[in-house]
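Visitor: For reference, the sequence and a predicted model appear below.
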Amino acid sequence: MPNNNQLVPFRYDIVGSFLRPESLKNARDAFANSKITKEQLIQIEDQTIIDLIEKQKKIGLHAITDGEFRRRWWHLDFIASLNGITVYDFQTTAFGIATQAQGTYVSGPLSFPKDHPFLEHFRFTQKHAAPVLAKQTIPGPNMIFLDSLILSKQYNENPIYNSLEAFKKDLITTYQEAIQAFYDAGCRYLQLDDTSWGGLFDDRFRDMITVNGLDADQLLSDFQEVTEKSLANKPADLAVTFHFCKGNFQSHWLYNGSYETITKNLFSIEAFDGFFLEYDDERSGGFEPLKDLRDQRIVLGLVTTKKGQLEDTADIIKRIEEASQIVPLDQICLSPQCGFASTHEGNHLTEEDQWKKIELVKTIAEAIWQDA
């Protein structure tokens, strides 16, 4: 269970990723150019993660991650190691900048491998985080549903499953086994990062879904079903949270639209202990959709990770007060709006900015909640 007998998510919490230090970026480049071995890269990863863990302990976080330092992407590395997934390279301007990217598609029956590398990665983090709780982040199942099947040209040209129901069955089983595997490895705080829900309220993506022969409103029910069934066998002492943002690629966003479209379905998933939602700018919209929240905690992502300018304490407190007019203050927590580096490159701010923002979140939470 979480340390200090506190509820998860914590009054001040983090989404998970941190800016990669230059030593790690240089090592990854050196490995890509065959200048160092895989073993040497892992040694550098290990040391930078240990250093990061110590910084998180020093600042006083109640849950600690590995910063996603072993990943190229926040989501793809986990998905790529599943059985039945193929990775490919492509160019994109989806985030408003031209850049090289990678995608995945379902190329065979989905399943969770017992030797998935993230399990060993978690054990390493847990060992060095102790006695503080280690938090594991993985992409939610609908990332595969939307990107690797529904919107995938490669999949639609060569479908593997004869029905969506058959696909959903394997996807659910894959995630049930993944969740149990992390639990067996010692994980007691798991977070599903799932931006795919944004495709269900963004008009551009809703049109793309329609072109591919599906209905975005029906997919709301499908996404809810897949998530609920993935969590159906969750152990009672495993805390699971959900994180959603509208895109966070090198400080650029992806989705437009209102949470109103998805909150009834999303907040109905009772197995979640809390929800992390982006609320760092006007694009995030108002707090009105939070009326659909039940008895879980809501983590307001009021401190942006997209830029280094530090928010004003009074402004953040005022916004928490506004949210408390819709959701009881006791259900509210605070965090940055997303991770600081959803990709290896990271967002457009410095490590000093990063830690100042986490310190700000902690200071504000301690000023508002006695149990912070």
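Guide: The structure has been received and is ready for your questions. Numbers count the residues shown, from 1 in each chain.

Visitor: how about low-confidence regions in the stretch 251-372 of the chain?
Guide: 251-256, 283-284 (pLDDT under 70).

Visitor: would you say Leu192 is within a strand?
Guide: Yes. Assessed by DSSP: H, G, I helix; E, B strand; the rest coil, Leu192 belongs to a strand.

Visitor: any idea what sits nearest it, other than its immediate chain neighbours?
Guide: Closest residue to Leu192 in three dimensions, ignoring its sequence neighbours and counting by C-beta to C-beta, 6 or more residues apart in numbering: Gly140, at 3.9 Å. (C-beta placed from N, C-alpha, C; glycine too.)

Visitor: who's in contact with the one you found?
Guide: Under the criterion of C-beta atoms under 8 Å, 6 or more residues apart in numbering, the neighbours of Gly140 are 192-194, 196, 227, 242.

Visitor: JSON lines for these, including pLDDT?
Guide: Written out in JSON lines, the entries for the contacts of Gly140 read as follows (pLDDT from 0 to 100):
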{"residue": "Leu192", "pLDDT": "98"}
{"residue": "Asp193", "pLDDT": "95"}
{"residue": "Asp194", "pLDDT": "93"}
{"residue": "Ser196", "pLDDT": "91"}
{"residue": "Thr227", "pLDDT": "98"}
{"residue": "Phe242", "pLDDT": "97"}
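
Visitor: would you turn these into CSV with distance to Phe18 and neighbour count?
Guide: Shown next, in CSV, are those (distance: C-beta to C-beta, whole Å; neighbours: other C-beta atoms under 10 Å):
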residue, distance to Phe18, neighbour count
Leu192, 19, 23
Asp193, 14, 27
Asp194, 20, 24
Ser196, 23, 24
Thr227, 26, 26
Phe242, 20, 25
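
Visitor: Could you list which residues are in contact with the residue positioned nearest the centre of the chain?
Guide: Using C-alpha atoms, centre = their mean, the residue of the chain that lies closest to the mean C-alpha position is Asp193, 2.6 Å off. When the contact criterion is C-beta under 8 Å, 6+ apart, the partners of Asp193 are 15-16, 74-75, 137-140, 243-244.

Visitor: Quick check: phi and psi on Phe275?
Guide: Per-residue torsions, Phe275: phi -130, psi 130 (degrees, to the nearest 10).

Visitor: From what I see, it and Phe244 are in contact.
Guide: Yes. Between Phe275 and Phe244 a contact is recorded at 7.3 Å, counting by C-beta atoms under 8 Å.

Visitor: Find the residues that touch each one of the two.
Guide: Overlap between the neighbourhoods of Phe275 and Phe244 consists of Leu266, taking contacts as C-beta under 8 Å, 6+ apart.

Visitor: can you pull out the helices in the stretch 251-372 of the chain?
Guide: Defined through DSSP state H, counting those that start in this stretch, the helices belonging to the stretch 251-372 of the chain, from first to last, are 263-267, 313-323, 351-368.

Visitor: buried residues in stretch 305-322?
Guide: Of the residues in stretch 305-322, those buried by neighbour count under the rule 16 or more other C-beta atoms under 10 Å are 305-306, 308, 311, 316, 319-320.

Visitor: Give me the contact list for that stretch.
Guide: Outside of stretch 305-322, the residues that reach it under the criterion C-beta under 8 Å, 6+ apart are 15, 248, 251, 253, 279-280, 287, 300, 302-304, 329, 332, 334, 336-340, 347-350, 353-354, 356-357, 360, 363-364, 367-368.

Visitor: and Leu277, how many neighbours does it have?
Guide: Residues lying near Leu277 (other C-beta atoms under 10 Å) number 26.

Visitor: beta partners for it?
Guide: Counting by DSSP bridges, Leu277 forms beta bridges with Phe244, Leu300.

Visitor: circling back to that earlier point, for the helices of the stretch 251-372 of the chain, state which one has the densest average packing.
Guide: Among these, helix 263-267 has the highest mean neighbour count (mean count of other C-beta atoms under 10 Å), at a mean of 20.

Visitor: Show me what that one is packed up against.
Guide: Using 3 or more C-beta pairs under 8 Å, 6 or more residues apart in numbering; DSSP states H and E, the elements in contact with helix 263-267 are helix 216-230.

Visitor: can we see that at 10 Å?
Guide: Contacts defined by 3 or more C-beta pairs under 10 Å, 6 or more residues apart in numbering; DSSP states H and E place helix 263-267 against helix 216-230, strand 239-244, strand 274-278.

Visitor: centre of the chain versus stretch 359-367, how much separation?
Guide: In terms of C-alpha atoms, centre = their mean, to the nearest Å, the centre of stretch 359-367 is found 22 Å from the chain centre.

Visitor: quick one, what contacts Ile368?
Guide: Taking C-beta atoms under 10 Å, 6 or more residues apart in numbering, we find Ile368 in contact with 11-12, 316-317, 320-321, 324, 329, 332-334.

Visitor: mind redoing it with 8 Å?
Guide: With C-beta under 8 Å, 6+ apart as the criterion, the residues that contact Ile368 are 11, 317, 320, 329, 334.

Visitor: Do I have it right that the last one meets Val299?
Guide: Yes. Applying C-beta under 8 Å as the test, Leu334 and Val299 come out as touching, 6.9 Å apart.

Visitor: Spit out the residues that contact these two alike.
Guide: Asp13.

Visitor: and the two most separated of the buried residues of stretch 305-322?
Guide: Between any two of the buried residues of stretch 305-322, the greatest separation by C-beta to C-beta is 22.1 Å, found for Gly308 and Ile320.
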